[in-house]
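Engineer: This is the structure alone, sequence omitted:
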């Protein structure tokens, strides 16, 4: 190789390393930072750690300035605002850390340091090119792998000594169970979340719930697109399949809406919860703020975790009806599904522009056909029927039982909450163990149906249940096609619906069978309640979760994971896709009944 080519090659390699250095440094620093937060073994290295953290944020500032100086990419207004905010945060942090009187260890300002380093990791990670189509995995395999990765990382972090109040008291099976429940946004727990976890442990829980509710691939892919301003065609195809988005050109626009809508709803929920618990006792304002953040995230993501010892049934919160209504609003919005929420937003916008403004501004009305699509109509009607029907049923069944301690208004609020929380939310304002058997059966049905598609909830989904009911009604009328609102339901949707129903009953049935072997002393109704709760990622329990043996915990871990990613997705990931499908065999009718 000629000398000038060798020099050019060496210079390219050096330049590549220098460009990637901020990401490598920030990633290693974040790993050490998490280790420092979770373990006590680094207590003798305060000065060295402070130097490392300050070098990391300094390199972060230099990397941002280098990016703009060499104009590596054309940045949007949003990216420029993000970078300006990051530089100000990093500069403020350096000034604070280098103050002579600041002699305490880094842990005293861990939240600021952690946030700064995390922002740097996100910014530098976004400069990498994500080639999802070159991973040799189909979208279903990528989806499952991302959940497994987050679960094991979460279990590892929850096992840190500083994650629990009593270091080393948490068994790994319980850490794995809790991490799985958080990522699969279930809410079942074998331990007391509020009493056993420290602030660090609870913060890890928030991270796991957020990743589980929105999806780590959704978050990572959107931020990569946000900072780079572009994405390959292959990446868009993979994300389209993973997110069930109709139009390829709307992939990143839809991901943007999901993240923005989720953020806005959760912030509103945090503020509302903060106001609603004004009369409750907290040691400090920071504890009250953290309580609001934790419960807003848990509610919107349909996780159902609470830092209270008895969930919302804790006596001080049992009669806080405004808090119950706020929590229910959050998990209903999270369980509706992002496409439905956005479709409702489009409809409201359409009404304002084409129905209200023309009268006030004397403008012309623009005709827009079918603003509310068929999926939204079916899901909203099914959701409304389930909420109203479930509320009335529980009000009548539990009037003199679990609702007896409430007044007339409180009975309706508690019945409403109890009817909506089985749809994968997991919060409880009553003692589930005290339910009558008919109430158990009603709630099992509600848990099995679950939330809506492309939402933070689980279950077989409201649209699946609605299609099954419509198909039965269609057959009863002697028709061969499902027709509703002057539209015909696609045959593939019907096939998927019945496949999901059969697979769910098969998986839950096998789990109940296993639980009856592992837990012979617990009655069948409560075991079935626990199994349906785990599969539907509901999180409701009859008070037996902490009493289960390790084989039963492993059974529920597998059930929660299968329920979150769906058995159909697992089969798709395991089965080779047929490439040749453009042929048809002669049709022949099969005897059914």
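Structural biologist: Cool, the structure landed. All of these numbers come straight from a predicted model, not from anything done at the bench. Residues are numbered from 1 along each chain as shown.
Engineer: for the closest residue in space to residue 214 that isn't next to it in sequence, what are its contacts?
Structural biologist: Using CB to CB, 6 or more residues apart in numbering and skipping the chain neighbours, the partner closest in space to residue 214 is residue 262 (6.1 Å). For glycine as for every other residue, the C-beta is placed from the backbone atoms N, C-alpha and C. Residue 262 is in contact with 213, 214, 300, 334, 338, counting by CB atoms under 8 Å, 6 or more residues apart in numbering.
Engineer: before we move on, which element is residue 262 in?
Structural biologist: Residue 262 belongs to helix 251-276 when assigned by DSSP states H and E.
Engineer: Give me the mean pLDDT for that helix.
Structural biologist: Averaging pLDDT along helix 251-276 yields 83.
Engineer: Report the buried residues of that helix.
Structural biologist: Within helix 251-276, the residues scored as buried using 16 or more other CB atoms under 10 Å are 251-252, 254-255, 257-259, 262, 265-266, 268-270, 272-274, 276.
Engineer: now the end-to-end length of stretch 556-573.
Structural biologist: Stretch 556-573 stretches 21 Å from its first residue to its last (CA to CA, to the nearest Å).
Engineer: what does it contact?
Structural biologist: The contact list for stretch 556-573, computed with CB under 8 Å, 6+ apart, reads 138, 140-141, 143-144, 147-148, 151, 176-177, 180-181, 183-186, 188, 212, 458-459, 496, 499-500, 503-504, 506-508, 511, 530-531, 534-537, 545, 548.
Engineer: ok, for the residue nearest to the spatial centre of the chain, nearest residue in space, not its chain neighbours?
Structural biologist: The geometric centre of the chain, computed from its C-alpha atoms, lies nearest to residue 213 (CA atoms, centre = their mean), at 0.6 Å. Nearest non-adjacent residue to residue 213, counting by CB to CB, 6+ apart: residue 301, 3.1 Å away.
Engineer: ditto for residue 118
Structural biologist: Leaving aside its sequence neighbours, residue 118 sits nearest to residue 30 (CB to CB, 6+ apart; 6.5 Å).
Engineer: Quick check: that neighbour is in a helix.
Structural biologist: Yes. Note on residue 30: a helix contains this position according to DSSP: H, G, I helix; E, B strand; the rest coil.
Engineer: distance of it from residue 294?
Structural biologist: 22 Å (CB to CB, to the nearest Å).
Engineer: Tell me which of those two has more neighbours.
Structural biologist: residue 294 (23 against 16; other CB atoms under 10 Å).
Engineer: Pretty sure the more buried one sits against residue 202.
Structural biologist: Yes. Contact criterion CB atoms under 8 Å: residue 294 and residue 202 qualify, at 6.2 Å.
Engineer: Give me the three-state assignment for residue 354.
Structural biologist: For residue 354, the assignment made with three-state DSSP gives helix.
Engineer: What separation do you get for it and residue 183?
Structural biologist: 42 Å.
Engineer: More neighbours: which of the two?
Structural biologist: Taking neighbours as other CB under 10 Å, residue 354 and residue 183 compare with residue 183 leading, 30 against 16.
Engineer: which one is that one nearest to, not counting chain neighbours?
Structural biologist: Residue 183 sits nearest to residue 212 (CB to CB, 6+ apart), 3.9 Å away.
Engineer: any idea how far residue 180 is from residue 462?
Structural biologist: As judged by CB to CB, residue 462 and residue 180 stand 24 Å apart.
Engineer: Great, nothing more from me.
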